[in-house]
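Participant: This is a predicted model, with the sequence first.
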Amino acid sequence: MIKTSKYAHLRASVAPIILVTALLATPAIAQDVKQSPEAQGQAIIVTGSRIARPELESTVPLNVISEAAIARTGQTNVADVLRRQPIFSTGTSQGNSNFNTSGNGLNQLDLRGLGRDRTLVLVNGRRFVAGEGGHSSVDINMIPTDLVKRIETITGGASAIYGSDAMAGVVNFILKDDFEGIEMRGQSGISAHGDAAKYRLSGTVGTNFAGDRGNIWINGVYDKDEGLLSRKRSFSATDIFGRSVFAPQGAFNLNGTIFDITSFDDTGGGNLLDNDYTFDSDGNLKQGFVQNVDGFNRNSFRRISVPVERYLISSALKYDITDDITFYAEGMYGKTKSRAGLEGYPSAGGDPNVDGAGSIDVVGGLAIDNAYIPGPIAAEIAARNGDADATNDVGFIAFRRRLSDVFDRSNRNTRETYRFVAGLKGNLNDNWSWDVNYVYGHTTDFTASETVLTDRFTNALDAVNISGQIVCRDPAARADGCQPLNIFGANTAAQGAIDYIRGGRNVLNALSTTLEQQVASASMTGTLFTLPGGDVKVAFGAEYRKEKSIDDWDADTNIGNTLGNFTTDTRGSFHVADVFGEVSVPILSEVPLAHYLGVEGALRYDDYSTIGTVWSWKVGGDWAPTRDIRFRAVYSEASRAPNVSELFSAQEETFPGDLTLDPCNGVTAASNGTYDAACRAIPGIATTIANSGIFEYSQVEIQSINGFNGGNPNLQEETAKTWTVGSVFTPTFIPHFNMTVDYYHINVGGAINSQPRDETAKACLLDPNSAACGGLVFRLPNGKITRIDAFNINTGGFQTSDIDVGMNYWTDLDNWGRLDFQANYTRLLKHKRQAFTGGPFFNEIGLLQDSDQEHLGSGFKDRFVIDTIYSKGPVQLSWTVRYFGKIKDPNTDLTDEERNVGDAFYHDFQMRYSFDENDKDNPKSFYLGINNAFNRKPPSLPNGLTGSGLIGVETAQEYDAIGRYLYAGFAVKF
């Protein structure tokens, strides 16, 4: 539970601002403090339509973040800029990708908490190649912060305009398209603890040519974020829930029941069986393993934030071939390097409690004639096996040991992306324009980590003494170079044994990912005719897109000879041909009660090589009875086609090892649970109950249940129905003020997901012929489950809705300068998830994201951001308040006090000085800033105890785990 902050008095100081904002609303528009052409009402192409209009006249909620607003955040990565906005969940970030098997350090956006693959990312209105194998989500690391002119985000299904993936909405990065001169920018920052450093240096050179008919520029960026180790913060320095029983010095048991915890002391440390042997910190053998003393602190090696190093080169060219035809081209290359931080891998042998649980398991454990067995253990084995009591004989030695001295399993990632755009655009006359372009994108990702070969590991462990020499027992293994491995104690593995079990290579687990995207499109916009309300405008066109993705694992992983289950490669592609159209009809304008009244509609037809044809459409309208207020509403039906991963990912075996998999476990003749009658209707179960009184599984039977996860080429599209209704206030009696209030509702059906195995078993009991059952459960004649598959299927869905409020206001203080207020507020009204079609909806509003819920982000009821900017002459001062409302941990096993997480305020300040404010073409500025100025610490949410804690962080991903952060930077243009 969060205690009252010592900065509570600061909350009181900002309360008037918060109250005023809540009453007036808060913004969907975060613009520059200077009035842009868009803010002045000039018609431009805004995201969500191909028809030009002022942004405040958009019929869908539009969030706009300007270049100046980006600069005020002090963030070096635009993904972090967007995550400050209340409409975004965390997505994939440097703070939650440390444990990913690939893609460490990715930055992917999640709009409205509906998942990264349901948020479409565009650059200059065009698609961008994905950053993760098999998926459509873009790695925002590849977008240079200093080139972003503005970021536009719309909510709701936009498939009628942009096609698949735009179910939650669209994020469009508008980059600078014209530059002349030389500009240098730099920034450096560090936390108040002296760590988590970030550096960025960028340069841009551009010039006009051919009598100013053309412009060309090139930009280069070097950016480094050093990340942060968990041990660098007190709240995450240790495993709060308890140290790991997989220790580098090992633990050894002679009964084959290693680590059955028999008691807990007052400090939470488990006292294990007395005949468990381990070693103390001086390397001395001892009997008895105490978890909090002898256990291993995994957080010493884990990361709060993954380090990322970026190299970006971008260029653009445009040239007016004639007065009506322009050629344009864009090119970019990006390279990122990142590295996860993980502790050594856990290994086990002869331990039934960890079979199939994600560690190396040597069936049978260590032989009792192992040459490395310490004397006291060997003496006990001899005594027990030599007495007359056969019940205490030792047949093997069970063990658990962390292989910290053998290899480092932390991933190392190198990603490269290049993208090219070429096109022609022009005007047929004053009313009609056209655009034809081609986009090519290519991403490669190489992820590698050290590991061992399981067959060699088993051979090396089986060490015996032959003629006074310790060797591997198997003659064939010895002939193949086997070197014996000693695991008794810490750092006991010899280099020869390490080289052998690692195959003599420094890298074994390796994943090479390749993605390719090609898009060709043509569109035309213009005026059909004029009505009393204005010009009837249309936009129409066609598009062809091809996506290809390959995940290529190393040969040993393909056959399951490295850690974990075997993984096969994923290869797949699809193409889609689209035609689309859009119309805007102004019915009335400048008449009583109708300053403006208009309707609009859009329709798109997609023909996929995988799922066939899909229709998407929207209809909407807006009505402004006066200049002061405008009402708007849109209804749309959107779609998302399955991606390569969902369709073609290889089917991989897993052993869930979960006692709750079968609802029939524990059923008796008299039990009356929800599924008990259906269980007793299965002949084999009925027979078992009649014979023994109860139907139940043994531990071995539970651990033997397997299943397959993977893609499904028979998937169909997801569908979404979206409502947005809102209003825009631009009161003439309050100069320089505008406010937007919008309600949205998104209902996703046929969601692509792998159904939880226990839910599949329940569905099959209720109706074996249902789609939720789908022949995925296999039972023996005696009724015992042997296999439950969890392939991707169209099942279940999501419902989410909220109210967004936006406000902008500025006032001239005469000789005292200028004051600006900008704000964004989101009130979450609904946040529900349905695991399978026909199943119940789980209400997740007000709950943090559970660790196994990868689709819905956290359900904060209230979030807002308020910016206050004061400008006078060359000086600009800004203050940002970020707010996260109260929320609960989803773990219902905790007490209310443990579950409740209090609200959180973060305060950011920046001072910017312009050296020559009158030279607008060649600005020169210096700035200083501090984020989380009052060092607001994150709530304590221990991993393993709570549902939302991230391993190695001990808090939820939404909160600032870095602490107070200081930075300085400059921008100089010549």
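Facilitator: Yep, it's here.
Participant: where does the stretch 851-974 of the chain dip in pLDDT?
Facilitator: Under the criterion pLDDT under 70, the flagged ranges of the stretch 851-974 of the chain are 851-858, 891-893, 942-952.
Participant: All the strands of it, residue numbers only.
Facilitator: With DSSP state E, counting those that start in this stretch applied, the stretch 851-974 of the chain shows strands at 862-872, 875-884, 887-888, 900-901, 904-914, 924-931, 965-973, listed in chain order.
Participant: Same question for the stretch 651-800 of the chain.
Facilitator: 652-654, 667-668, 694-695, 707-710, 718-729, 737-749, 752-754, 777-779, 785-788, 790-794, 797-812.
Participant: Give me the residue ranges of the stretch 301-450 of the chain where confidence is low.
Facilitator: Low-confidence segments of the stretch 301-450 of the chain, defined by pLDDT under 70: 351-364.
Participant: how about a cut-off of 50?
Facilitator: Within the stretch 301-450 of the chain, the stretches with pLDDT under 50 are 354-359.
Participant: what bridges to Phe631?
Facilitator: With DSSP bridges as the criterion, the beta-bridge partners of Phe631 are Trp623, Ser727.
Participant: Check whether it really touches Gly726, as I assumed.
Facilitator: Yes. Counting by Cβ atoms under 8 Å, Phe631 touches Gly726, with 7.5 Å between them. Quick note: C-beta positions are derived from backbone N, CA and C, even for glycine.
Participant: higher neighbour count, those two?
Facilitator: Here Phe631 and Gly726 are compared on neighbour count by other Cβ atoms under 10 Å; more neighbours surround Gly726, at 24 against 15.
Participant: The closest residue to that one other than its chain neighbours: neighbouring residues, count only.
Facilitator: The shortest distance from Gly726 to any residue other than its chain neighbours is 3.1 Å, reached at Asp742 (Cβ to Cβ, 6 or more residues apart in numbering). Neighbour count for Asp742, taken as other Cβ under 10 Å: 23.
Participant: show me what contacts Asp742?
Facilitator: By Cβ atoms under 8 Å, 6 or more residues apart in numbering, the contact list for Asp742 reads 28, 61, 155, 724-727, 803-805.
Participant: Could I get the pLDDT score of it?
Facilitator: The confidence metric pLDDT takes the value 95 at Asp742.
Participant: and if you look at Gly105?
Facilitator: Gly105 is assigned a pLDDT of 92 by the prediction.
Participant: Do I have it right that it meets Asn413?
Facilitator: Yes. Counting by Cβ under 8 Å, Gly105 does reach Asn413; the two are 6.0 Å apart.
Participant: Quick check: neighbours shared by these two?
Facilitator: In the contact map built from Cβ under 8 Å, 6+ apart, the residues linked to both Gly105 and Asn413 are 336, 338-339.
Participant: Let's see if you can find the most crowded of the residues you listed.
Facilitator: For these, counting by other Cβ under 10 Å, the largest number of neighbours falls to Ser338: 25 neighbours.
Participant: dump the residue contacts of that one.
Facilitator: 94, 104-105, 306-309, 412-413.
Participant: residues contacting the residue lying closest to Gly533 once chain neighbours are set aside?
Facilitator: Excluding the flanking residues, the one nearest Gly533 by Cβ to Cβ, 6+ apart is Pro586, at 3.4 Å. Contacts for Pro586 were tallied using Cβ under 8 Å, 6+ apart; they are 531, 533-536, 596-598.
Participant: Good, we can wrap up now.
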